[in-house]
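S.K.: coords below, sequence missing:
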């Protein structure tokens, strides 16, 4: 019971400081989430660097995953819409949730103050549940100038924690350039970040600066990202077999290793990733990706 109490407090602190938009880069599948990843063959979205998104992507992706052995669940939906004034816009709908885990904070009264849970000190009728929901939206626009790719992410999110709620907005600016099969990406992430809480508090988080490279040697891809603000790095490699199967292996400061694969077909894609964290107490994480080509089910008039 005592462990559950501290788990609740940890999760509250974690969710207050956790940015829902990190979920677009938590797991690396086919090098699609690195700062310098641009792939025209797999139709994969890259919201980590908006400059790396294709101008036209015909796929819709449904993504299901969980963190910490299933304590934190998340769902994502990626798609593209054609607009009259801005051509194609890429969208990401994101949701994270903690669903009905035991909350024993009010069920234990340490009468003798020994920090040990005794059966006589537990009121089982006061054991409740704890839930948290976080919703996010990314609107991504890539554009080109002098053979250099640029991109802007507009990010909006809402959060509900107990009786408090918040609204957050921020932007990303991305640049990508390919020089002799070496991709170079730069991202200014989360600038103008503001969170407005129902308590009338306003949080202003600092922006982050990331730079990355991507090298393709025959069928082998090598990617490296570095976050200057958090002093974190991510490195990974993938192998593409016959343009059908891509296997991804990587490592970062907070991830001991991650392993994923992507099956790429003309009408659909199927991917999976497994993450082992640096600290085993956090538990493993998983992600399933299903992509469908819109042309395969749209009626043609």
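M.R.: Ah, there it is. On a predicted model such as this, the values are computed, not experimentally measured, just so you know.
S.K.: Report the rounded mean pLDDT for stretch 186-196.
M.R.: For stretch 186-196, mean pLDDT rounds to 89.
S.K.: no wait, stretch 211-222
M.R.: 87.
S.K.: One more: stretch 270-289?
M.R.: 80.
S.K.: what's the span of it, first residue to last?
M.R.: For stretch 270-289, the first-to-last residue distance is 6 Å (Cα to Cα, to the nearest Å).
S.K.: and it, which residues are buried?
M.R.: Of the residues in stretch 270-289, 271, 272, 273, 275, 277, 282, 283, 285, 286, 287, 289 count as buried by neighbour count, 16 or more other Cβ atoms under 10 Å. To be clear about C-beta, it is placed using only N, CA and C from the backbone, and glycine gets the same treatment.
S.K.: Please tell me how far the closest residue in space to residue 138 that isn't next to it in sequence sits from residue 68.
M.R.: Spatially, and ignoring its direct neighbours in sequence, residue 138 is nearest to residue 92 (4.0 Å; Cβ to Cβ, 6 or more residues apart in numbering). Here residue 92 is placed at a distance of 22 Å from residue 68 (Cβ to Cβ, to the nearest Å).
S.K.: that older thread, and the pLDDT for the residue nearest to residue 138?
M.R.: If you check residue 92, the pLDDT there is 90.
S.K.: re the thing from before, higher neighbour count, residue 92 and residue 68?
M.R.: Neighbour tally, residue 92 and residue 68, criterion other Cβ atoms under 10 Å: the higher count belongs to residue 92, 22 against 18.
S.K.: who's in contact with the more buried one?
M.R.: 24, 45, 47, 76, 77, 78, 136, 137, 138, 140 (Cβ atoms under 8 Å, 6 or more residues apart in numbering).
S.K.: Now the element after the strand or helix carrying it, going C-ward?
M.R.: Element membership for residue 92, per DSSP states H and E: strand 87-103. For strand 87-103, the following helix or strand on the C-terminal side (DSSP H and E) is strand 128-145.
S.K.: which secondary structure elements does that following strand contact?
M.R.: Strand 128-145 is packed against helix 2-17, strand 87-103, strand 148-161, with contacts defined by 3 or more Cβ pairs under 8 Å, 6 or more residues apart in numbering; DSSP states H and E.
S.K.: What is the subsequent helix or strand relative to the shortest one?
M.R.: This points to strand 148-161. The helix or strand immediately downstream of strand 148-161 is strand 164-179, counting by DSSP H and E.
S.K.: can you give me the strands for the stretch 151-300 of the chain?
M.R.: Secondary structure of the stretch 151-300 of the chain, counting by DSSP state E, counting those that start in this stretch: strands at 164-179, 182-197, 202-203, 208-217, 220-227, 232-241, 245-252, 255-264, 268-277, 285-293.
S.K.: Switch these over to CSV; also include distance to residue 33.
M.R.: CSV is the format used below for the strands of the stretch 151-300 of the chain (distance: least, Cβ to Cβ, whole Å):
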stretch, distance to residue 33
strand 164-179, 13
strand 182-197, 11
strand 202-203, 26
strand 208-217, 10
strand 220-227, 9
strand 232-241, 9
strand 245-252, 10
strand 255-264, 10
strand 268-277, 10
strand 285-293, 11
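S.K.: Those strands: which one's closest to residue 62?
M.R.: Closest to residue 62 of those, according to Cβ to Cβ: strand 285-293, at 5.0 Å.
S.K.: For the closest one, which strands pair with it and how are they oriented?
M.R.: In the sheet, strand 285-293 lines up against strand 59-67 (antiparallel), strand 268-277 (antiparallel) (DSSP bridges).
S.K.: Could you pull up the mean pLDDT of the first one?
M.R.: Strand 59-67 shows a mean pLDDT of 85.
S.K.: So what touches it?
M.R.: 23, 26-27, 43, 45, 72-79, 269, 273, 282-283, 285-294.
S.K.: Give me the buried subset of these.
M.R.: Among the contacts of strand 59-67, those classed as buried by 16+ other Cβ under 10 Å are 23, 26-27, 43, 45, 72, 74, 76, 78-79, 269, 273, 282-283, 285-287, 289, 291, 293.
S.K.: Name the nearest residue to residue 205, ignoring sequence neighbours.
M.R.: Closest to residue 205 by Cβ to Cβ, 6+ apart is residue 193, at 4.4 Å.
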